[in-house]
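**Student:** fold the following.
(one chain, ligands or ions: 1)
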Amino acid sequence: MERIALFPGSFDPFTKGHEDIVLRGLKLFDKIIISLGHNSNKSRYFPLEKMVANIEEAFAGVDKVSVITYSELTAELAKKHHANYLLRGLRNTTDFEYENSISQVNRHLNDQLETVFLITSPEYASVSSSIIREVHKYGGDVSDFIPYKL
Ligand code: ADP
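**Tutor:** Predicted coordinates:
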């Protein structure tokens, strides 16, 4: 059976830390579907469709990686795509506390679903979407932190 993983997140924006998780995840999974969750009540800083195109550019030629958007339960999305795994990254204990609860809930909602965590590579441990948004907002150069050109 094909091992299909969803890599769900806001990706506002997608960073080199996220890219690293996907590239390492490719050693574990046959297919990774990067899934950008969107919520009509929550506005984004980087527009959704533009971010999809940026991520597609970052993985051009890697046919095991695809990019989609969704606005439903991640556990349901996984069923639709026959994905038995959720891929997530962990940087620190704050990530762990949050990830621990959502992975328990996701497994409750879909008992076929296992969340697989990869620990961040040290060079990306301090890369976060929120800091990149802040730097970008004030005109700073964020190109070292993202795997595509804005
Ligand atoms: P969410 O809004 O669901 O937390 P994010 O887009 O912030 O989504 O992150 C998606 C996933 O990537 C999360 O599991 C997060 O912990 C992980 N992640 C974020 N930044 C990094 C990084 N620099 N290194 C490793 N994992 C990361």
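**Student:** hmm, residue 8 is touching residue 86, no?
**Tutor:** Yes. Residue 8 lies in contact with residue 86 (Cβ atoms under 8 Å); the separation is 6.3 Å. Where you see a C-beta, it was placed from the backbone N, CA and C, and this is true even at glycine.
**Student:** residues shared between the contacts of the two?
**Tutor:** Jointly contacting residue 8 and residue 86 under the rule Cβ atoms under 8 Å, 6 or more residues apart in numbering are residue 74.
**Student:** quick check: residues of this structure near the ligand?
**Tutor:** By Cβ under 6 Å from any ligand atom, the residues of the chain that approach the ligand are 9-11, 15, 17-18, 21, 88-89, 91, 95, 120, 124, 127-129.
**Student:** how about stretch 53-65 as CSV, C-alpha atoms only?
**Tutor:** Extracted as CSV, the C-alpha positions of stretch 53-65 are listed here (Å, rounded to 0.1, in the frame of the first residue of the first chain):
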residue,chain,number,x,y,z
ALA,A,53,2.1,28.8,-6.6
ASN,A,54,5.2,29.6,-4.5
ILE,A,55,5.3,26.2,-2.9
GLU,A,56,4.7,24.5,-6.3
GLU,A,57,7.6,26.4,-7.6
ALA,A,58,9.8,25.2,-4.7
PHE,A,59,8.9,21.6,-5.5
ALA,A,60,8.8,21.8,-9.3
GLY,A,61,9.9,18.5,-10.7
VAL,A,62,9.3,16.6,-7.4
ASP,A,63,6.3,14.6,-8.5
LYS,A,64,5.9,12.9,-5.1
VAL,A,65,4.9,16.3,-3.6
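**Student:** could you check how far the nearest residue to residue 120 once chain neighbours are set aside is from residue 80?
**Tutor:** Nearest residue to residue 120, sequence neighbours excluded (Cβ to Cβ, 6 or more residues apart in numbering): residue 91, at 4.6 Å. According to Cβ to Cβ, to the nearest Å, residue 91 stands 29 Å off from residue 80.
**Student:** residue 46 too?
**Tutor:** To residue 80, residue 46 is 25 Å away according to Cβ to Cβ.
**Student:** and for residue 42?
**Tutor:** Relative to residue 80, residue 42 is positioned 22 Å away (Cβ to Cβ).
**Student:** right, and the helix or strand after whichever helix in the chain runs longest?
**Tutor:** Taking DSSP state H as the criterion, the chain has its longest helix at helix 93-109. The helix or strand immediately downstream of helix 93-109 is strand 114-119, counting by DSSP states H and E.
**Student:** thanks a lot, catch you later.
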